[in-house]
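# Curious how this folds, go ahead:
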Amino acid sequence: MGTDGNFSGGAGRKPCISSFVSHGTIESHRYHLARRTVLEMLRDRGYGVPDSELTRSLDEFRSVLSNKPNLDHLRISASLRSNPSKKILVIFCGTDEIRKQVIVGIFSQISNKESLHRVILILQSKMNSHARKVVDDFPTKVETFQITDLLANITKHVLAPKHEILTSEEKQMLLQKYHVEDKELPRMLVNDTIARYYGLQKGQVVKVTYGGPLTDSLVTYRCVM
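Numbering: from 1, shown residues only. Prediction:
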């Protein structure tokens, strides 16, 4: 131990334990985790997301966006790989209660509304009914997520089955193969966490594969209702 009370010294000595402690804010850590989950979610939905954004470390995030990130700098804009004219915009909201004026202000700042396919609002507090009405009336579909629900990617959980979204053609082939209608398939509610992660709409069908290296795979299909 050195004269200053820290573990330090020459060759072969272990680094001071304080070198492993993060000196950044909890706020920046939350934003980093939530933003990374959103980027993974967009990629899984088919949007173009740079690898550099997905692999950005917490230290790099803080270096670029600081320990107290500006919410405007956290915004994400991406285009569908299959149709670049369809764009999505992700907006992080503040910690105060979300009132009508807040939502009106956010929407008024959005440019090129006609090119937007969807908008995602990341909330850190409750949204009152008047604000919700503005969201529901917005011409573009708006999704909302609480930031606490995005601190971990639910699809990466070790027990989570594999989900694959069927195209319209694949859905019709499935229904014809088993001579059923979509309403006869097992259901997945439109507000299910997986349905919300992938941005699914009613009528879409998901292939769900359970199992792993030590067990046989089980495949089932669910229709979003």
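
# from here on, contacts and neighbour counts on C-alpha atoms
Fine.

# pLDDT score assigned to E114?
On pLDDT, E114 comes in at 76.

# would it count as being in a helix?
Yes. Counting by DSSP: H, G, I helix; E, B strand; the rest coil, E114 is located in a helix.

# ok, it to R132 distance?
For E114, the distance to R132 equals 21 Å [CA to CA, to the nearest Å].

# what's the single longest helix in this protein?
As assigned by DSSP state H, the longest helix anywhere in the chain is helix 26-45.

# Give the next helix or strand downstream of that one.
Sequence-wise, the next helix or strand downstream of helix 26-45 (DSSP states H and E) is helix 51-54.

# Identify all contacting residues around that next one.
Outside helix 51-54, the residues that touch it by CA atoms under 8 Å, 6 or more residues apart in numbering are 36, 39-40.

# Would you mark the buried spots in the helix or strand hosting Q176?
In this assignment (DSSP H and E), Q176 forms part of helix 168-178. The neighbour-count check on helix 168-178 (16 or more other CA atoms under 10 Å) flags 171, 174 as buried.

# Contacts for the very next helix or strand once past it next, please.
From helix 168-178 onward toward the C-terminus, using DSSP H and E, the following helix or strand is strand 187-188. Strand 187-188 is contacted from outside by 195, 222-225, using CA under 8 Å, 6+ apart.

# Adding neighbour count, secondary structure and distance to L121, write those out as TSV.
Shown next, in TSV, are those (neighbours: other CA atoms under 10 Å; DSSP: H, G, I helix; E, B strand; the rest coil; distance: CA to CA, whole Å):
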residue	neighbour count	secondary structure	distance to L121
A195	20	helix	17
R222	21	strand	27
C223	21	strand	26
V224	22	strand	22
M225	19	coil	23
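
# Of these, just say which sits nearest to I122.
A195 (16.9 Å; CA to CA).

# mind listing what the closest one touches?
188-189, 201, 224.

# Just the buried residues of the residues you listed.
Among the contacts of A195, the ones that count as buried (16+ other CA under 10 Å) are 188-189, 224.

# just to revisit the earlier point, which one among the contacts of helix 51-54 gets closest to R30?
Nearest member of the contacts of helix 51-54 to R30, counting by CA to CA, is R36, at 9.9 Å.

# Could you spell out which stretches of the protein belong to which domain?
The chain resolves into domains spanning 26-152, 155-224 when parsed by automatic domain parsing.

# mean confidence for the shortest one?
Averaged across domain 155-224, pLDDT comes to 93.

# centre of the chain versus that domain, how much separation?
19 Å (CA atoms, centre = their mean, to the nearest Å).

# Quick check: end-to-end length of that domain?
Its first and final residues considered, domain 155-224 spans 17 Å by CA to CA.
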